[in-house]
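>>> Fold the following, please.
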Amino acid sequence: MRPWLALQRLSNRTPLRTKLITALLALVILALAAISVSSVWMLRSYLSSQDDSALQSVMSGLNGGTVSLEPGSTYELHGILVGVQLPGTPLSSVGNQSGFPGFGGNSQAPPLPEVPTSLAWAEANNGKLVTVRAQSGNESWRVLVETVTDQVATGTGTTKTETGTLIVGADLGDINATISRLAGVELIVGAIIVCVLALAIVGVVRTNLQPLVEIEATAGEIAQGHLNRRVPERDPRTEIGSLGHSLNTMLSQIEAAFHAREESEAAAHQSEERMRRFIADASHELRTPLTTIRGFAEYYRQRGGLIPRWDRRRADAPEAAATAGLTPDDLDRIMQRVEKEAARMGLLVEDLLLLARLDQQRPLARNPIDLLSLAGDAVHDARMLAPTRTISLIVQPGAAFLVLGDEPRLRQVIGNLMSNALTHTPDGTPIEVSIGSGILDPRVKDSAPAVTLDVIDHGPGMTPEQAHRVFERFYRADQARTRTTGGSGLGLAIVDSLVAAHGGVASVRTAPGRGAAFRVTLPLVPEAQGGLPPEDDDDDRPGQEHWPELVDEADDVIVTYGTSAGIDESNTASANAG
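Numbers count the residues shown, from 1 in each chain. Next up, the predicted model:
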């Protein structure tokens with residue numbers, strides 16, 4: 001098993017290209033070797049057997065005749081050597097018998113065939129065609145032998161019977177030289193063929209394995225982080241084409257999964273950062289009312305509570321005010337402050353709870369709502385709160401302003417926008433509420449029809465940095481404002497989250513010294529879309545791209561879109577009014 005395992009390990013370490021080239025060359029070499037061996041064998045067989053019929057004919061004639069041959073001598077009959085060889089005495093002389101038709105002296109020049117002189121060999125090959133070597137040189141003979149008996153005269157005048165070997169042979173010449181020349185030619189031609197086929201095999205293998213090389217290079221680039229690389233597509237009916245198609249499909253899925261994981265990790269990181277900032281801001285906001293409540297409680301305890309058996313004359317005394325407890329007026333004042341701080345803390349907690357629910361994507365009520373009615377109620381309430389301001393409602397021509405949503409939440413959206421405008425503009429600054437028809441998101445091609453609600457103030461406006469962060473939680477544009485007048489920084493964040501939960505988009509268009517126009521776009525219900533102008537007039541549809549002229553006159557207009565609906569903050573656009 002060890003050699004087999006070693007061979008298997010070697011095969012596993014050898015590149016596929018090398019194995020294919022080696023296997024093909026080995027097959028070619030084996031094929032050429034088989035052809036050479038078979039051709040040499042056939043040529044030798046042909047050269048050896050071409051005189052066999054003549055030898056058998058001569059042997060038959062000799063056996064049926066009365067010709068007597070001198071042992072040890074050789075004779076020629078029609079180019080065939082004939083002789084009788086006695087045991088222990090090889091053929092060595094030329095006979096000169098005359099009177100035998102067809103026989104003559106041996107015209108064959110030595111050497112003669114080297115036939116074994118033993119009777120055992122002759123009996124073993126009696127009647128068989130055998131190829132033997134010449135007595136000298138490189139020539140070969142084809143011989144047919146039979147054992148014969150003859151009367152041989154002795155020196156005393158008597159005769160004796162001896163057994164010899166009748167030999168009939170044909171000179172084959174230097175057959176080995178012919179075979180050697182053929183083998184040499186075949187070796188040279190085979191080497192040339194192997195070299196040519198080796199070059200062809202290398203080229204064919206390299207060409208056909210090039211797609212695998214490209215797949216390898218693509219895999220290397222992907223391993224370096226280039227997930228957008230793909231394998232070149234080929235005919236899917238081929239193995240390489242099918243493999244490339246499958247790999248590209250797999251790579252697309254891997255890239256999508258990798259990007260999804262990156263986006264998930266980035267979202268998780270951003271969510272974690274937002275949560276940390278959210279907790280820090282919430283703690284900071286809640287600390288103030290809690291500290292106020294705790295301070296008043298400690299003050300009440302340190303003063304010893306109310307003055308027992310209230311005596312105004314004693315309370316008027318300076319020494320009594322310092323040692324006697326709190327008066328009812330002081331207690332009322334403390335309780336009012338505690339109530340205000342508790343109410344403010346309750347509102348903050350309600351806002352935080354609402355944002356948490358929106359982050360959890362809890363479903364909202366979906367009922368047809370007339371946004372114009374909600375805008376009219378918000379304008380009426382704002383006029384009651386700020387009777388000295390000019391607050392107007394502008395209704396643009398278009399379809400019925402019907403949306404699907406949660407009425408209390410939509411009222412909260414408009415109320416927060418109105419409260420923001422009242423809080424962050426000087427007293428007496430006019431406020432305009434405009435409602436019309438437009439598109440949901442101008443950044444998206446073929447965006448759906450929508451209802452647009454603009455809350456426009458003519459206040460100081462915002463800088464680009466402030467506009468970019470206006471929808472962030474706990475962000476206050478004017479850090480110098482107190483928490484009483486400036487709010488907690490959650491109003492516009494709640495607007496953004498509620499609008500996103502309704503499938504809409506919140507945005508602001510502002511410029512320093514030019515006021516601010518907050519816009520809310522909500523999807524129009526399908527039933528109300530029939531009242532829109534024809535599609536040919538989409539560019540003239542009110543509210544589609546036309547922001548209030550108040551801001552359009554600015555030289556450095558900033559348009560910022562909310563981020564709660566999955567819109568990245570990089571989608572903030574700056575434009576010139578021209």
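
>>> where in the stretch 151-300 of the chain is pLDDT low?
Applying pLDDT under 70 to the stretch 151-300 of the chain flags residues 151-160, 274, 277-285, 288.

>>> repeat that for 80
Scanning the stretch 151-300 of the chain for pLDDT under 80 picks out the ranges 151-162, 173-176, 225, 227, 233, 270-300.

>>> try the stretch 351-500 of the chain
Ranges of the stretch 351-500 of the chain meeting pLDDT under 80: 351-364, 398-399, 473-490.

>>> ranges for the strands of it?
Counting by DSSP state E, counting those that start in this stretch, one finds strands in the stretch 351-500 of the chain at the ranges 367-370, 391-395, 402-405, 431-439, 449-457.

>>> Buried deepest among these, which one?
strand 449-457 (a mean of 26; mean count of other Cβ atoms under 10 Å). In this view, the C-beta of every residue, glycine as well, is placed from N, C-alpha and C.

>>> Which one of the strands of the stretch 351-500 of the chain lies nearest to Pro15?
When the strands of the stretch 351-500 of the chain are compared by Cβ to Cβ, strand 431-439 sits nearest Pro15, at 60.7 Å.

>>> which strands and helices sit next to that closest one?
With contacts defined as 3 or more Cβ pairs under 8 Å, 6 or more residues apart in numbering; DSSP states H and E, strand 431-439 has these neighbours: helix 371-385, strand 391-395, helix 407-423, strand 449-457.

>>> and Arg181, what helix or strand is that in?
helix 175-223 (DSSP states H and E).

>>> buried sites along stretch 463-472?
Buried residues in stretch 463-472, defined by neighbour count with 16 or more other Cβ atoms under 10 Å: Gln466, Ala467, His468, Arg469, Val470, Phe471, Glu472.

>>> that older thread, just after the helix holding Arg181, pick out the following helix or strand.
The helix or strand immediately downstream of helix 175-223 is helix 239-302, counting by DSSP H and E.

>>> Let me know the angle separating that following helix from helix 175-223.
20 degrees (axes from the mean of the first three to the mean of the last three Cα atoms, to 10 degrees).

>>> returning to that earlier point: of the helices and strands packed on strand 431-439, give the one that comes closest to Val204.
Once the helices and strands packed on strand 431-439 are compared by Cβ to Cβ, strand 449-457 is nearest, at 63.7 Å.

>>> Listing partners with orientation, what would you give for the closest one?
Strand 449-457 pairs in its sheet with strand 431-439 (antiparallel), strand 516-523 (antiparallel), by DSSP bridges.

>>> Ramachandran coordinates for Ala386?
The phi and psi values for Ala386, taken as degrees, to the nearest 10, are phi -130, psi 80.

>>> That one: what's it in contact with?
Shown in contact with Ala386 (Cβ atoms under 8 Å, 6 or more residues apart in numbering): Leu422, Asp427.

>>> do the one 4 residues further on as well
With contacts taken as Cβ under 8 Å, 6+ apart, Thr390 has the following neighbours: Pro430, Ile431.

>>> what's it sitting at in phi/psi?
Torsion angles at Thr390 (phi, psi; degrees, to the nearest 10) stand at phi -100, psi 110.

>>> quick one: it from Leu422, how far?
To Leu422, Thr390 is 12 Å away according to Cβ to Cβ, to the nearest Å.

>>> shared neighbours of the two, anything?
Contacts common to Thr390 and Leu422, judged by Cβ under 8 Å, 6+ apart, are Ile431.

>>> still on that earlier bit, turn the strands paired with strand 449-457 into TSV, columns for distance to Gln50.
As requested, the strands paired with strand 449-457 are exported to TSV (distance: least, Cβ to Cβ, whole Å):
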stretch	distance to Gln50
strand 431-439	103
strand 516-523	105
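
>>> Skipping adjacent residues, who's closest to the most centrally placed residue in the chain in space?
Nearest to the mean C-alpha position of the chain, by Cα atoms, centre = their mean, lies Leu251 at 1.8 Å. Excluding the flanking residues, the one nearest Leu251 by Cβ to Cβ, 6 or more residues apart in numbering is Arg230, at 6.3 Å.

>>> for Ser48, same thing?
Nearest to Ser48 is Thr131, by Cβ to Cβ, 6+ apart, at 5.3 Å.

>>> On the strand side of things, show who the one you found bridges to.
Arg142.

>>> Then Thr510?
Beta-bridge partners of Thr510, as defined by DSSP bridges: Ala516, Ile558.

>>> Is there a neighbour count for it? I'd like the number.
Thr510 has 28 neighbouring residues, counting by other Cβ atoms under 10 Å.

>>> for it, what are its contacts?
Gly461, Met462, Ala467, Ala516, Ala517, Val551, Val557, Ile558, Thr560.

>>> The third one reaches Ile558, doesn't it?
Yes: in this structure, Ala467 sits in contact with Ile558. The criterion is Cβ atoms under 8 Å, and the distance is 4.3 Å.

>>> Leu247 versus the closest residue to Asn248 other than its chain neighbours, what's the distance?
Once flanking residues are discounted, Asn248 sits nearest to Arg230: 5.0 Å by Cβ to Cβ, 6+ apart. Computed as Cβ to Cβ, the Arg230 to Leu247 distance reads 8 Å.

>>> Overlap in contacts, those two.
Common neighbours of Arg230 and Leu247 (Cβ under 8 Å, 6+ apart) are Thr218.

>>> about what we covered before: include distance to Ser437 when you put the helices and strands packed on strand 431-439 into TSV, please.
What follows is the helices and strands packed on strand 431-439, written out as TSV (distance: least, Cβ to Cβ, whole Å):
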stretch	distance to Ser437
helix 371-385	11
strand 391-395	11
helix 407-423	17
strand 449-457	6
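
>>> thinking Gly405 is in contact with Pro523, fair?
No: counting by Cβ under 8 Å, Gly405 does not reach Pro523; the two are 9.2 Å apart.
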